[in-house]
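1. Please work out how this folds:
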Amino acid sequence: MVLKGLEQLVEEAAMQAFEPNINNTTDEKKFASFRKAAGRSVICVHVKLDGINIAVPVINQNQSLAHLAKEAISRLEDTGISCEMEYNQCYFKKFHRDEFYIMKPSDIIKDVLSDGDMVEIVARKTQERKNSHKLRSSSSSEDAETSCATEELHQPKRVLDIPVIDVNGYDLNLDSLIRLGKGEAKLSLSDETIRKLRETRDIVEGIIEKGYVRYGINTGFGLLSKVVVENDKLVELQYNIVRSHCAGIGEPLPIETTRRILALRINVLAKAFSGCNPGLVEHMVEMFNKNCLPLIPAQGTVGASGDLAPLAHLAQGVIGEGTMWSPKTGWGEALEVLAANNMVPYQLTPKDGLSLINGTQFICGVGAEALHRAKNCVRTTVIITAMVFDILEGHTNAFDDRVHAIRPHTGQRRIAAALKALCNSPKYPSEIYELEKHDVQDPYTIRCVPQVAGVTLDTINFVEGIFSTEMNSATDNPLVFGAEEEVGNEAADIISAGNFHGEYPAKALDFLTIAVHEIGNMSERRLERLCNPSCSNLPAFLVDSPGLNSGFMIPHCTSAALVSENKTLCFPSSADTQSTSAGKEDHVSMGGWAARKALRVVKNLENVLAIELLAACQALEFKRPLHTTEPLEAVYNLVRTKVNPFVKDRAFTPDIEVIQKMIEQNLIWETVAPYLDSDPFWDEF
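-> Okay, the predicted model is just below:
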C-alpha cells in the first residue's frame, strides 16, 4: 500500500480547513458546496501524536484524516511543544478494544471515525522512508502495509510529565478542575486521606456489627426509609440503588464534562464523611487516571437529593455495567472497557452505592465549564469594546479613574482600568483617536461598559467563590461523624441532613446566566451601530458596494437571534421546584438545568462576541491607513491569521466558528496580556 504524502494532502485540504482563503468565484462555489455537505454535527476525536493525547473537535466530517493531523499538530505546538515528525509519508492507527486498524491520510473522517475514537498518527524518519520506498518497489502492497504496522513499534515516544493533583476534599479549585477535565492532570490519594477514609468506614462497619439502624446503611431510601433491610441483603441494597437510579435520558455528556464530574465525586468522597470503603475511592482514582469514563445522560436530575440520576450512571460504570469510553477502546460495554484497561468492576459493600450518587457534582461539573468560559468572555468583551470605541470615535474620559473612585464597585473599577489600558494613551497612542469627534457623548453600550460588564465580573467572582466552597464540601447523605469516638456515642454517629441540596450552585448559576447575558445585549447593540452608516460613518453593513453585497446584514441577525434566545434562557431554573419521592423530597433546586442552560448561554455569547469582533476588524479596514492602539492591532492581526477581510460576500459561518474557538480558548486575551503591566481583571489594585 503506497501512502500519499501528508503535506500534499494538507495542501489539498486547505479549502476544507477552519480558515478558508477564498479569492475567486470558482472557490466560492466549491466552498459553499463543501459547507452544505459538511452539516453542523461536531465530534471529538482523540489524536495521539508523539506520545501525547490531543482532543480535536471536528466540525466538518467530510474532511480527510490529513486535516485532523494538521489540527492536532497546531494544538500540540500551541502548548509550546515542537513537533519533530516529518510527514512525507505516514499512516493512522484507530484503536478499538484490544485491536487497531490501519487508515490512510486520504480516508474521510465520517467513513472511519466516530465521536470519542482514539487515533494515533505514525510517521517515518527520512532515511526509513527512503529504505521503505526501495522495499516497496520490489514488494507487494500487502507487504508494505505490514512494514508500516511493524515499524511503529520502534518509534521513539515523547514523554510528557503530567502533573498529579492530590485530592483530599479541601482545596480543589476551578483551574485545577478544568485541567482535570481536559486530561491534563492525574489524581492521587495521600496516606492521610486513606487513613481518614478507613476511620469513617470503621464507624459504618461498627454500626452494622452492633445492629444499629441507620438511614442508607440498612434501610430503604426516600419514602422507603422506614423499611429496615436485613444484613444479608445490604450489598444487594447498594447495587439496587445504583441500578434503579440509572434513569437519565438525553445526549451523553462530553468526555471532558464526565472527567470533571468523576474528579469532583472522588474529591467529595476523599473528604471522608461518607463512610464508603477506601477501596472504592482508590478504584475511582484508577478509573480516572486510565480515562475509563462512564456514559452519563444530560437530563434527569432535579438537583436534590443531589444529582441522583447522572451520578447513578457514573456509579454504573464503577461496577462494570452500562456504557463506558476510554482512549484504548472508544465507546463500549463497561465490563469490556475496564478489562481492556486492566481493571475489574468494583464490588460494592454496605453504604458504597449510596455514597456514589448523593451530591451536586453534575451541577458543578457542567457549571464549572460555564464559569470558566464566562471568565474568558468578560475579558474578550472589554477588548472588543475598546476596538469599537476607537472605531466609533469615543471619548476616554468615561474611563477616568476619578469617575469610578466615587462609585467604587470592584468590577466597575477593574473594567474601567482595562478599557483605559487598551484605548488611546501616551503609552499606546491611536491614530484613529486623533480624528475629529462627531458626538460630545458616547452611547451607553460604550460609555457604560464599566458599569454593566463590571457587575458581570463581580458576579463571576461571586459564583467562583460559591463553587470553590461547593466543590470541596461533603454533600453526601447520610454523613459520618466522630471517627475518634466509640460507635453509638452521640459524637460518633450517622446524621441524615441536607447537604446534597443543590440550591447554592443552582442559584449561583442562575445569577451567572443573567450576568453574562447582559454583555451579549450590549455586544449586539454595538454591532448594530457598526453596521448602521448613520451611526458609524462607515459603509452600510461594512462592505464595499452595499446592495450588490449584503456584508454583515445577516451576521447581525444571527447575533440578534442568539441574544433573544439567551433572554428566554435567563429565567432562573432555581425559581421552580417539583415535589418528588412521594412528597419526602418536596423541594428541589433544578440545578442540573441551571448548569446546562448557563453553559448554553455562554456558548451563545461566544458566538455573539465572535460576530462583533469580526465586524470590528472589518470596520478597521475602512479606517486604513490609520491604526488603532498597539494591543488592539495585535488582536486584529490575530484575527487576520485565520479570517481574511470581507472584500465581497461569502459564507460567514466558518469564520464565526474560528473566532468563537479563539474566544473559548482565551486567545484574544492572551494576545493582549503581554502589552499590559498586570491583569486588570483579577490582579489586586
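2. could you pull out the strands for the stretch 151-300 of the chain?
-> In the stretch 151-300 of the chain, the strands defined using DSSP state E, counting those that start in this stretch lie at 164-166, 186-188, 249-252, 293-294, 297-299.
3. same for the following helix or strand past the last one, what does it pack against?
-> It stands for strand 297-299. Sequence order places helix 308-318 as the next helix or strand after strand 297-299, per DSSP states H and E. With contacts defined as 3 or more Cβ pairs under 8 Å, 6 or more residues apart in numbering; DSSP states H and E, the packing partners of helix 308-318 are helix 234-244, helix 255-270, helix 278-289, strand 293-294, strand 297-299, helix 352-357, helix 361-391. For every residue, glycine as well, the C-beta is placed using N, CA and C.
4. Minimum distance to Ile178: which of those has it?
-> With Cβ to Cβ, the closest approach to Ile178 among the helices and strands packed on helix 308-318 belongs to helix 361-391: 5.1 Å.
5. Next SSE downstream of that closest one?
-> Next in line after helix 361-391, if elements are assigned by DSSP H and E, sits helix 401-405.
6. hmm, who's touching that following helix?
-> With contacts defined as Cβ atoms under 8 Å, 6 or more residues apart in numbering, helix 401-405 is touched by 397, 412-413, 416-417, 420, 450.
7. ok so, going back, can you lay out the helices and strands packed on helix 308-318 as a markdown table showing distance to Leu548 and mean pLDDT?
-> As requested, these are arranged in a markdown table below (distance: least, Cβ to Cβ, whole Å; pLDDT from 0 to 100):
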| stretch | distance to Leu548 | mean pLDDT |
| --- | --- | --- |
| helix 234-244 | 64 | 96 |
| helix 255-270 | 44 | 98 |
| helix 278-289 | 57 | 98 |
| strand 293-294 | 52 | 98 |
| strand 297-299 | 45 | 97 |
| helix 352-357 | 61 | 96 |
| helix 361-391 | 24 | 97 |
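8. out of the ones you listed, nearest to Gly206?
-> Minimum separation from Gly206 across those (Cβ to Cβ) falls at helix 234-244, 14.1 Å.
9. Buried ones among the contacts of helix 401-405?
-> Neighbour counting with 16 or more other Cβ atoms under 10 Å marks 412-413, 416-417, 420, 450 as buried within the contacts of helix 401-405.
10. what two of those residues are the furthest from one another?
-> So, the buried ones among the contacts of helix 401-405 by Cβ to Cβ: farthest apart are Gln412 and Lys420, at 12.4 Å.
11. Out of the strands of the stretch 151-300 of the chain, which one sits most buried?
-> Among the strands of the stretch 151-300 of the chain, strand 293-294 has the highest mean neighbour count (mean count of other Cβ atoms under 10 Å), at a mean of 28.
12. Restricted to strands, list the contacts of helix 401-405.
-> Among the contacts of helix 401-405, none falls in strands (DSSP state E).
13. residue ranges of the strands in the stretch 551-685 of the chain, please?
-> Secondary structure of the stretch 551-685 of the chain (DSSP E, counting those that start in this stretch): no strands present.
14. Can you list the low-confidence ranges for it?
-> Low-confidence segments of the stretch 551-685 of the chain, defined by pLDDT under 70: 682-685.
15. Need phi/psi at Phe92.
-> With angles defined as degrees, to the nearest 10, Phe92 sits at phi -120, psi 140.
16. didn't it look like it was pressed against Leu113?
-> No. The pair Phe92 / Leu113 is not scored as a contact, 9.4 Å apart, by Cβ atoms under 8 Å.
17. And the two? Which one has more around it.
-> Set side by side, Phe92 and Leu113 show more neighbours around Phe92, with 25 against 22, by other Cβ atoms under 10 Å.
18. Could I get the contacting residues of the more buried one?
-> Taking Cβ under 8 Å, 6+ apart, we find Phe92 in contact with 65, 69, 102-105, 107, 119-122.
19. now, among these, which is nearest to Ser190?
-> Nearest to Ser190 among the contacts of Phe92 is Glu120, at 34.1 Å by Cβ to Cβ.
20. That closest one: neighbour count?
-> Here the number of neighbours of Glu120 (other Cβ under 10 Å) works out to 20.
21. gap between it and Leu68?
-> According to Cβ to Cβ, to the nearest Å, Glu120 stands 11 Å off from Leu68.
22. Over to Cys423?
-> From Cys423 across to Leu68, the span is 41 Å (Cβ to Cβ).
23. and what of Val229?
-> 52 Å.
24. Between the two, tell me which one has more neighbours.
-> Between Val229 and Leu68, Leu68 has the larger neighbour count (other Cβ under 10 Å), namely 23 against 17.
25. Average pLDDT for the helix or strand that the more buried one is a member of, rounded please.
-> According to DSSP H and E, Leu68 maps onto helix 65-78. In this model, helix 65-78 has an average pLDDT of 80.
26. Ok, stretch 189-202 next?
-> 96.
27. Grab the nearest non-local neighbour of Pro456.
-> You called it Pro, but residue 456 is Thr. Ala515 (4.4 Å; Cβ to Cβ, 6 or more residues apart in numbering).
28. Just the angle for the one helix or strand the one you found maps to relative to helix 361-391, thanks.
-> Using DSSP H and E, Ala515 sits in helix 503-531. Helix 503-531 and helix 361-391 are oriented at 20 degrees to each other (axes from the mean of the first three to the mean of the last three Cα atoms, to 10 degrees).
29. after helix 503-531, next one along is what?
-> Following helix 503-531 in sequence order, the next helix or strand is helix 533-536 (DSSP H and E).
30. Mind giving me the packing neighbours of that next one?
-> Using 3+ Cβ pairs under 8 Å, 6+ apart, the elements in contact with helix 533-536 are helix 503-531.
31. Go through the helix it packs on and flag the buried ones.
-> Buried residues in helix 503-531, counted by 16+ other Cβ under 10 Å: 503-520, 522-531.
32. What is that helix packed up against?
-> Packing partners of helix 503-531 (3+ Cβ pairs under 8 Å, 6+ apart): helix 361-391, helix 444-447, helix 449-471, helix 533-536, helix 553-569, helix 591-621.
33. Much appreciated, bye for now.
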